[in-house]
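Trainee: Predicted structure and sequence below. I'll ask about it afterward.
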Amino acid sequence: MLRNYFITFVLLIILVITSGWLFLPSYVDQKVKQAVNADGTGQKNLTPTRRLTEEWNPAFSVDGDRIIFVVRRGNDDKTDEIFVMNKDGNGLKQLTNNLLVDWYPSINPKTGRIIFVSREPNETTDDIYVMEENGTNRGRIISLRGNDADPAWDATGEKIIFIRENETNYDLYMMNEDASDLTIMTTDKDELSPIFMSAN
């Protein structure tokens, strides 16, 4: 029953203008990906048969027809893998398959390439990686001391913004896809979950 659960609503709701959909993680017993219209109506569970996993970090493909997201089994983040499915919940396909964390995907708005957070075997810190939208050509973009997290593309598909762990807090960085022109944007308090917003 609902009273037996502590329900948390995540403030980071992803609004996708092109489709008029919102993604809402539901935290009753386990996370289940929900899609709703932008006005809050028409809520639909897109992964109703996945009762033993958590699905989170959803993002639309460039054409708006597919959803890229993270699947976790149990409470072990080492099981985090990136999947893709059609926006109606059909056509599920796994894009990463290893014993490493793969999470926080972001889609290049021009090329469809996916940046995400992962690590190499026997390493303990997270770095930023990139792969094609079909999961091929996985490669590490940058490796800095500490954990890198929350990467996001800008509207041109040329710049990446992300946070990096600097001993006592997370600072905001920006770079090109090839890791050139690395610039620290903030150096004070924790900065989390950055995104680019259009000036128009």
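Mentor: Alright, I've got the coordinates.
Trainee: Shouldn't Y170 be within a helix?
Mentor: No: Y170 is assigned strand when assessed by DSSP: H, G, I helix; E, B strand; the rest coil, not a helix.
Trainee: is it true that it touches E191?
Mentor: Yes: taking contacts as C-beta atoms under 8 Å, Y170 lies within contact range of E191: 5.8 Å. To be clear about C-beta, it is placed using only N, CA and C from the backbone, and glycine gets the same treatment.
Trainee: where do the contact lists of those two overlap?
Mentor: I163 (C-beta atoms under 8 Å, 6 or more residues apart in numbering).
Trainee: V36: neighbouring residues, count only.
Mentor: Counted with other C-beta atoms under 10 Å, the neighbours of V36 add up to 16.
Trainee: what bridges to it?
Mentor: L22 (DSSP bridges).
Trainee: Helices of this protein, start to end?
Mentor: Assigned by DSSP state H, the chain shows no helices.
Trainee: Worst mean pLDDT across the helices and strands of it, which element?
Mentor: Lowest mean confidence among the helices and strands of the chain (mean pLDDT, DSSP states H and E): strand 14-16, at a mean of 34.
Trainee: so where's the protein uncertain?
Mentor: By pLDDT under 70, the low-scoring segments of the chain are 1-33, 198-200.
Trainee: now do 90
Mentor: Under the criterion pLDDT under 90, the flagged ranges of the chain are 1-54, 56, 73-78, 99, 124, 144-146, 165-170, 185-200.
Trainee: Let me see the residues that make contact with stretch 61-71.
Mentor: 16, 18-19, 33, 46, 50, 53-60, 79-87, 91, 94-95, 102-105, 107-112, 114, 133.
Trainee: Count the residues that sit near N147.
Mentor: 16.
Trainee: what do you get for V117?
Mentor: Around V117 there are 23 residues (other C-beta under 10 Å).
Trainee: again with D88
Mentor: D88: 11 neighbours (other C-beta under 10 Å).
Trainee: hey, what's the closest residue to I184 other than its chain neighbours bridged with?
Mentor: Excluding the flanking residues, the one nearest I184 by C-beta to C-beta, 6 or more residues apart in numbering is Y173, at 5.5 Å. For Y173, the beta-bridge partners under DSSP bridges are F162, I184.
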